[in-house]
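In: for reference, the sequence and a predicted model appear below.
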Amino acid sequence: MLVVTLAACAHPVANPPAATPVAEPAAPSAADTVYRWLQGRFDSAEQAASDPDDYMTITLAMCAVSVPGIDRALYVEQAVPGSAPYRQRVYAVRDGDPPATQAVTSIYEFVDPTAFVGACDRADLSIAADAIVEKVGCGVTLTFADGSYTGATAPKACASTLRGATWASSEVTLTPDLLESWDRGWDAAGAHVWGATEGPYRFVRRGDAP
């Protein structure tokens with residue numbers, strides 16, 4: 001009697017195709033995170049209530065805008081409640097070196113700021129490239145450590161003529177819900193001529209940008 005084993009007659013099983021590896025999503029860069037954290041509505045009301053001699057209530061609105069040539073642009077507006085804005089800017093947020101932990105902000109002034117008052121309440125806002133002028137030397141490099149981004153302007157790099165100043169300094173700390181900003185002006189002899197004397201303004205997030 002002929003005995004045939006199944007093993008001998010079975011067709012060899014082809015090896016299954018190797019699974020295609022799934023690419024991990026790229027981690028956001030520091031510039032992406034800073035850009036996202038800066039967007040929103042903030043104010044310094046709590047600080048002003050606890051120390052009215054040194055701080056005022058200031059509102060701060062920052063929202064994404066479209067500007068040719070700038071990938072991450074923000075419209076920035078500061079005001080005392082009930083008054084017209086006293087500062088309007090465009091911030092550009094770009095990759096630093098290394099991009100995983102550093103972001104670089106550049107600051108732009110408006111040729112005609114009155115045309116953009118309340119811009120964060122408008123839909124699909126766009127700003128022409130020739131409507132703004134860069135404040136060279138006034139940008140800040142922000143570095144991530146211990147849950148926050150911190151940075152400052154380079155010494156004497158940001159020109160200012162406000163109240164007799166010749167240059168301005170800015171120190172920044174940013175977390176998801178708080179922006180600390182200490183802007184000060186200095187004269188040619190290095191004397192402090194404007195800005196808070198006791199420490200930075202503390203802008204607490206009150207809502208997301210529209």
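Out: Arrived safely, thanks for sending.
In: CA atoms for contacts and neighbours, from now on please.
Out: Will do.
In: how about the strands in the chain?
Out: All strands of the chain, identified by DSSP state E, fall at 40-43, 59-67, 70-79, 87-95, 102-110, 132-134, 140-145, 148-152, 158-159, 167-175, 178-186, 192-194, 201-207.
In: among those strands, which is nearest Pro52?
Out: Closest to Pro52 of the strands of the chain, according to C-alpha to C-alpha: strand 201-207, at 12.0 Å.
In: any idea of the angle the closest one forms with strand 167-175?
Out: Strand 201-207 runs at 40 degrees relative to strand 167-175, counting by axes from the mean of the first three to the mean of the last three C-alpha atoms, to 10 degrees.
In: hmm, back to that, dump the strands of the chain to CSV, plus mean neighbour count.
Out: Compiled in CSV, these are given as follows (neighbours: other C-alpha atoms under 10 Å):
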stretch, mean neighbour count
strand 40-43, 23
strand 59-67, 23
strand 70-79, 20
strand 87-95, 22
strand 102-110, 20
strand 132-134, 16
strand 140-145, 20
strand 148-152, 19
strand 158-159, 18
strand 167-175, 21
strand 178-186, 21
strand 192-194, 16
strand 201-207, 20
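In: pLDDT of the helix ranked longest in the chain, averaged?
Out: Secondary structure of the chain per DSSP state H: the longest helix is helix 30-38. Average pLDDT, helix 30-38: 97.
In: what angle separates that helix from strand 167-175?
Out: Calculated by the same axes, to 10 degrees, helix 30-38 forms an angle of 90 degrees with strand 167-175.
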